[in-house]
Structure formats: structure tokens, C-alpha cells
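A.B. asks: The following comprises the amino acid sequence and a computationally predicted model.
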Amino acid sequence: MSGIGKGPSAEEAIARLFRAKGLGRVLSPIEPVSGGLMHRMFKVSAESGTYAVKQLNPEVMRRQDAPGNFLRAEKLERVLEDAGIPIVPALTIRESKMQSFEGWYYYVFTWLNGQVTDPNGITLAQCRAVGNILGRIHALSPKDAVHTAPKKTCIDWSAYAEQASRAGSGIALLIRQNERLLAHAQDALNRSRPLLPATECITDGDMDPKNVMWCDGCPFVIDLECLTIGNPASDALQLALHWAGDADCRVDTEKLKAFFEGYLNAYDSGFKDYAGIFGVSYTWLEWLEYNVKRALGQCEDEAEKALGLSEAVHTVDAIWHIHDKEDEIKRTLNELFGRKEAQNV
């Protein structure tokens, strides 16, 4: 996927894309839509209808594994469509979901008149509803996994701190002040992965509150580019914590319970030791590394560089919160899954 470069504004490029792909003339100014942390979104009103258009991040598209990842996600998205899972799928235009045009890559969606989940007002009912959707996804095609040694996360935070120091970046101090926490989180993550059940299914690790829209009280999952085949227990725990508020440093154990109640109502693999795999909640480290790289200039522009720094600070705060709430979260998980005997282990 090469050829991405500078040129006309995103709005001008999208207007030409619509004409070239048979979607007609754009009728009103294209509106940027907030909410994405990686790609850019726009609302487009055209002769053929109203759409949401995602312009994919050029830095992401340059990655060697990008074509395979997006193709896999598209195939799995079709599986969810066929199964009646409430999603907002990318439109197929001229036999393709991804649209390549003038060196850029896009997904086009039918515009949904709804609201993205308000992270400050998530209800227990919403947690149950989304947990149920995740359970339905996991129940589509679970199967025993071939036993392999789990991947290890081996991030050299000291090297990043040195690089940041040489560049005069404020990210250096953030890393150095939190190196012990990051080392603890990385160790816990690597110790937990071998304890995951040997099962795999369709997973969507990006189904957090910002990626669920509500229309007339009904949830619809958006931004499905992270669909893959993965471990259901890891997926369920991480998303339950997201809906309980870990991204905003305020884990609500009642919301954690509600999410799992909805989930188990749709899919129960029999796995119980979610407290034992608590360390997978530190997968936040991978998002932190991505944002450290952005803060160090591995991105498109200064705006994205600044976003990388702010997201890195926010992610470290989230990791601290998970660390500080570990005992309470484990206790809640043991109670929920009937493992009271394990609470003091």
C-alpha cells in the first residue's frame, strides 16, 4: 500500500472520490466528525445519500501487515452481517469495501442518526446490552486452539526514554517516572497469557464505548477494522473493564458485573478464572507504545504528534488506575464466577 502522500485537502479528495465511485456530487460542506484516535472521519451529504467516510491513517497503511489485517477484518465483518449482529458495516462499492483513490484509502458507511456512547453516562443496561453483543460474536464460531507458546510483550522503555531525551521530548520524563509501573505491567501481562484457555473465536478488541452508537436506544457496533481471530477470555475481560470505565480511571465493579451478565447470557465457554488472567488488562502497554512513537514523530504531522503525547499521558494514568484497583477487580471477578475460594490466593 504505497503512494500515500500530500496533496489536496481531505474534503477535496473525498468529493472527487464520490464522483469517481458513482456516489454523486457532494451537496454541502463535508463535516469532520470527532471521536477517532487513529483515523479521520467525515460526514458527507451527496446526491446518493448521507454517509460517514473514514480516511485511513497513512502511517497505519504503510505497515507491512496492514493489507492482511484489513482483509481479514472485512471477511469477519461479513460474517457478523450474515449473523444479524447489530453493526454498521462498510459499504461494498464496485465489489470492494476498502476504496483506494489517489493514494489514499477509505471506508464508506451509511450515516446512522445516533449517538456514540457517552462515557460519563454509561448505564448498567448499556453494559449488559454490549456484553450480550460481544457474547453473540464469540458464540459464532468458537473452536479449540492449537497450543502454541503465547507471544511476549518485550518493550524497551529505557530505550524509548533515551530516544525521547535526545529529541528533547517531554515523553522522556513520563517514561522514566513510571518505568517501575511499566515493568510490573509488562511482567503481569506476560505471566497471564499462558493461563488463557485454549480457545479461539471472532474477537473485536476495539468494541469500547467510543465504538458503539445508540439509535432509538439500540446499540450498533462501529469501527470494525480490529476484527480478528483471538482469545475470547482476554477479549471479554479487557472490554468489560473498558465499559466499567478503566479508560477514564474509574472502574465501576457494578458495571463490570453487568457487562459479564450480558455476555454470559449469550456465550459461556465454561472458563471461570478471570481473576487469574487479570494481567491481560495491561494490554494498554501496546497502545502506550504506539502513542510514544507518535509523540517521537513517527506520524503524519504535528497535530498527531501532540495527540500521541496526550494519549501517552492518559494511558499511563489508566495503567496506574488498573494497578491500584487490582485487588478489588479480582475480588469482583471471583465473586461473579463463583471462585470465592481463590480470593486470597
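C.D. replies: Arrived safely, thanks for sending. Numbering: from 1, shown residues only.

A.B. asks: all contacts plus neighbour counts: C-alpha atoms, from now on.
C.D. replies: Will do.

A.B. asks: May I ask you to name the longest helix in the chain?
C.D. replies: helix 302-324 (DSSP state H).

A.B. asks: gap between that one and the chain center?
C.D. replies: 15 Å (C-alpha atoms, centre = their mean, to the nearest Å).

A.B. asks: and residue 108, helix, strand or coil?
C.D. replies: Of the three states, residue 108 takes strand under DSSP: H, G, I helix; E, B strand; the rest coil.

A.B. asks: From here on, call the first residue 30.
C.D. replies: Noted, 30 is the first residue going forward, which turns the last one into residue 137.

A.B. asks: who does it bridge with?
C.D. replies: For residue 137, the beta-bridge assignment (DSSP bridges) gives partners residue 82.

A.B. asks: What is the burial count for it?
C.D. replies: 23 (other C-alpha atoms under 10 Å).

A.B. asks: Next: residue 150.
C.D. replies: Residue 150 has 8 nearby residues by other C-alpha under 10 Å.

A.B. asks: just to revisit the earlier point, state the mean pLDDT of the helix or strand following the longest helix of the chain.
C.D. replies: Tracing the chain C-terminally past helix 331-353 and defining elements by DSSP states H and E, one meets helix 355-365 next. Helix 355-365 shows a mean pLDDT of 96.

A.B. asks: What are the buried residues along helix 355-365?
C.D. replies: Buried residues in helix 355-365, counting neighbours by 16 or more other C-alpha atoms under 10 Å, are found at 355, 358-365.

A.B. asks: got it, and stretch 149-163?
C.D. replies: For stretch 149-163, by 16+ other C-alpha under 10 Å, it's 152-153, 155-163.

A.B. asks: Kindly report the same for stretch 182-191.
C.D. replies: Buried residues in stretch 182-191 (16+ other C-alpha under 10 Å): 186, 189-191.

A.B. asks: One more: stretch 72-84?
C.D. replies: Neighbour counts over stretch 72-84 (16+ other C-alpha under 10 Å) mark 72-75, 79-84 as buried.

A.B. asks: What is the most widely separated pair among these?
C.D. replies: 75 and 84 (16.9 Å; C-alpha to C-alpha).

A.B. asks: Residues contacting stretch 170-189, please?
C.D. replies: With contacts defined as C-alpha atoms under 8 Å, 6 or more residues apart in numbering, stretch 170-189 is touched by 201, 204-205, 208, 211, 215, 218-219, 222-223, 227-231, 318, 321.

A.B. asks: switch to 7 Å and redo it
C.D. replies: Stretch 170-189 is contacted by residues 204, 215, 219, 222-223, 227-230 when judged by C-alpha atoms under 7 Å, 6 or more residues apart in numbering.

A.B. asks: cool, and stretch 135-153?
C.D. replies: By C-alpha under 7 Å, 6+ apart, the list of residues contacting stretch 135-153 reads 79-85, 118-120, 126-129, 238-244, 284, 287.

A.B. asks: hang on, residue 83 packs against residue 72?
C.D. replies: No - using C-alpha atoms under 7 Å, residue 83 is not in contact with residue 72, being 9.1 Å away.

A.B. asks: Please spell out which residues along stretch 171-182 are buried.
C.D. replies: Buried residues in stretch 171-182, counting neighbours by 16+ other C-alpha under 10 Å, are found at residue 171.
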